[in-house]
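>>> This is a predicted model, with the sequence first.
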Amino acid sequence: MKHESPKEAIVEVVALIAFLVAAAIAITTGNALPLLLVLGVLGLAAIYLLIALRAQIRNSQRRLEERLTTLHEKQRTERKAERRALAKVSEGAQDAARRAHKSAAESSARVRVVSERLDAWIGTAQRADHARSVQIRATGQKVVNETIAALQVHQASGDALAPLPPFGGWALDATSLVKLLHLLRTERPALVVECGSGSSTVVIAQTIREWGGRVIALDHLEEFASASAALITSAGLDEVADVRHAPLTEVEVEGQTLSWYDPAQVEDLHDIELLVVDGPPAATGPDARYPALPILADRLTSSVTVVVDDIEREAERRAVSRWQERWPQLQRSSANSTDSTWVLKAMS
């Protein structure tokens, strides 16, 4: 038996020795009193030992409880530490997940922006390429048409036609001249007034000479007027065509002060059957060509035909619109109109 204290072991040994001595005395003398005393002492010793044993058991239980408590505390501490660690890991994982999601979203947004820009760039490039292709085809077709038209102009005008400057540019293009030739031969006007002068003046004069017509051309620049007059002379058309230098001057038109040819150069003209509006140039001022009809209105026949060049420009379209508001009888004739020239016919 293991004792927790040496004191308890001494008590047991002494009690055992006392019991043995008392037993020997009782046997030797035949007197049982010493034995009874010893037994009494042994009983007290047993009580003492029992009390000590109970105290020992309580102490052992207390120490065991303390150890269990310490173990439980340690486990709780470890669990708290584990939960904190897991929480940190989870929080870190969540932060990492949030950062990854944000990064993915930003990357997706950047990819989407780049994709949209790329699509837009590709679309723009495709549209530009298509526009260039259309323009190239249109330009090529126009060159072919103008070449054919120029040959038709020369053929229709006869062999006596003098060498002409190139068609187009400031002058009527060849396609419009072909339409104009057809219009001249259809309507056979006696008097044509042309705002502007050049190769078209020669073609008009060459054509209307067939029926004794006349053409009066106005030009605001003396050098151009002289050059056109020289062409007329070289073609032998002086009796048919008259190129007049008409400097630009301020004119009052419907409450506006505009710039147009000097009205004094048209005071002798009456019964104009065909009016060709191909000047003054747009650079000379706003609504440069609008004054033609207001100033010449009283000198036009009731069935006049008006040919307007450069109709693709906004100013010319605006002028035609204003003319038609004031003179509703002016109607566009699609038969002899082109992309650059409109023909207006006064309808009775």
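Arrived safely.

>>> Any idea what the nearest residue to E187 once chain neighbours are set aside is bridged to?
Closest residue to E187 in three dimensions, ignoring its sequence neighbours and counting by CB to CB, 6 or more residues apart in numbering: T305, at 6.2 Å. Glycine gets a C-beta too; all of them are placed from N, C-alpha and C. The residues paired with T305 through beta bridges, assigned by DSSP bridges, are L274, K345.

>>> can you pull the contacts of T305?
T305 makes contacts with 183, 187, 189, 273-275, 333, 343-346, as judged by CB atoms under 8 Å, 6 or more residues apart in numbering.

>>> how far away is it from A174?
20 Å (CB to CB, to the nearest Å).

>>> if we can go back for a sec, for ChimeraX, what selects the buried ones among the contacts of T305?
The following ChimeraX command selects only the buried members of the contacts of T305, with burial defined by 16 or more other CB atoms under 10 Å:
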select :183,189,273,274,275,343,344,345
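
>>> Tell me, how many residues neighbour the closest residue to Q265 other than its chain neighbours?
Nearest residue to Q265, sequence neighbours excluded (CB to CB, 6+ apart): A246, at 4.0 Å. With neighbours defined by other CB atoms under 10 Å, the count for A246 comes to 24.

>>> Can you pull the phi/psi pair for A246?
With angles defined as degrees, to the nearest 10, A246 sits at phi -120, psi 90.

>>> Verify the stated contact: it with I216.
No. With contacts defined as CB atoms under 8 Å, A246 does not count as touching I216, sitting 10.0 Å away.

>>> Can you pull the residues that touch both of the two?
Common neighbours of A246 and I216 (criterion: CB under 8 Å, 6+ apart): V266.

>>> Run through the strands of the stretch 201-348 of the chain in chain order.
Along the stretch 201-348 of the chain, counting by DSSP state E, counting those that start in this stretch, strands occupy 214-219, 241-245, 248-253, 256-261, 272-277, 300-309, 330-333, 341-346.

>>> The first one vs strand 272-277, what angle?
By that I understand strand 214-219. Counting by axes from the mean of the first three to the mean of the last three CA atoms, to 10 degrees, strand 214-219 points 30 degrees away from the direction of strand 272-277.

>>> and strand 214-219, what other elements does it pack with?
Where contact means 3 or more CB pairs under 8 Å, 6 or more residues apart in numbering; DSSP states H and E, strand 214-219 is packed against strand 191-195, helix 199-208, helix 222-234, strand 241-245.

>>> strand partners of that strand, parallel vs antiparallel please.
strand 191-195 (parallel), strand 241-245 (parallel).

>>> Just put those strands in a markdown table and tack on mean pLDDT.
Shown next, in a markdown table, are the strands paired with strand 214-219 (pLDDT from 0 to 100):
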| stretch | mean pLDDT |
| --- | --- |
| strand 191-195 | 97 |
| strand 241-245 | 97 |
